[in-house]
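Colleague: Can you look at this prediction? I've put the sequence above it.
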Amino acid sequence: MSKTNIVKANPQTAILKASPESEVGGKLTEMALDYMKFSLAGSREPAVINRTFQKLWKARNNRFSHEHAYEAVRDGTTLGMIMCYPTTLMNKLAMPTFSQLFDLHKWELIAYNLRHFKEFYTMVTLKEGEQDEYHIGTIATLPESRGLGVGTELIRHAEKQAKLQGFAKSSLTVKKENAGAIKLYERLGYQKVGEINKPAVSMYRMSKVLV
């Protein structure tokens, strides 16, 4: 790994450009997606869900690829992951992502989403970010990382990437009942700028002006 791919978060933690071979990349993505993982995998079977996100992580040109992720690594162990990109790019990746999911599951994917239409409707009609924002699409940390500031460092790294790409705002969404995450985001300067109320989920849209 070249030095340019490493940003020190603290004396023992580094933020690295994600590797397709990461053993926990797919797992962390799955953790971050919560209810959406079912519609994306076309199943509620843990093995099917796990296999789906491992494949998406390793592949390219999809919203959940390692291409758009960074890992928080401490003592050689990945403790957290963040996926971030311009909102415009995230939106463009929607169709390639669906195409890869259909290749994986064929008509089982369609059948599942017809049976669980509210979940599917929520997912495909979700407007997560504005066109002029750099969006934090997913963030997840393992339980053993609690108290180490991993989530904070991942978000700060995403903001650095936003500024490097010329963006003045970063954004994210969070479930209304996730009080701990909301408190963290507000402490880091994010403000509630809207609500998303769908049949399967209620969320706040939060954004931050980067200086």
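Modeller: Yes, it's here.

Colleague: By mean pLDDT, flag the weakest helix or strand of this structure.
Modeller: Between all helices and strands in the chain, the lowest mean by mean pLDDT, DSSP states H and E belongs to strand 6-10, at a mean of 50.

Colleague: which is the next helix or strand following that one?
Modeller: Using DSSP states H and E, the helix or strand that directly follows strand 6-10 along the chain is strand 13-17.

Colleague: Tell me the helices and strands packed up against that following strand.
Modeller: On a contact count with 3 or more Cβ pairs under 8 Å, 6 or more residues apart in numbering; DSSP states H and E, strand 13-17 meets strand 6-10, strand 69-74, helix 150-164. To be clear about C-beta, it is placed using only N, CA and C from the backbone, and glycine gets the same treatment.

Colleague: Turn those into JSON lines, columns for mean neighbour count.
Modeller: Rendered in JSON lines, the data for the helices and strands packed on strand 13-17 read as follows (neighbours: other Cβ atoms under 10 Å):
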{"stretch": "strand 6-10", "mean neighbour count": "14"}
{"stretch": "strand 69-74", "mean neighbour count": "23"}
{"stretch": "helix 150-164", "mean neighbour count": "19"}
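
Colleague: weakest of the ones you listed by average pLDDT?
Modeller: Within the helices and strands packed on strand 13-17, the least confident segment by mean pLDDT turns out to be strand 6-10, at a mean of 50.

Colleague: can you count the residues close to Phe38?
Modeller: Other residues within reach of Phe38 by the criterion other Cβ atoms under 10 Å amount to 21.

Colleague: Okay, and it sits in which element?
Modeller: Counting by DSSP H and E, the element that carries Phe38 is helix 36-41.

Colleague: Make a markdown table out of the helices and strands packed on strand 13-17 and add distance to Phe53.
Modeller: Listed next are the helices and strands packed on strand 13-17 as a markdown table, based on distance: least, Cβ to Cβ, whole Å:
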| stretch | distance to Phe53 |
| --- | --- |
| strand 6-10 | 25 |
| strand 69-74 | 12 |
| helix 150-164 | 18 |
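
Colleague: Select, out of these, the one closest to Ile110.
Modeller: When the helices and strands packed on strand 13-17 are ranked by proximity to Ile110, the top entry is strand 69-74, at 27.8 Å, counting by Cβ to Cβ.

Colleague: Many thanks, have a good one.
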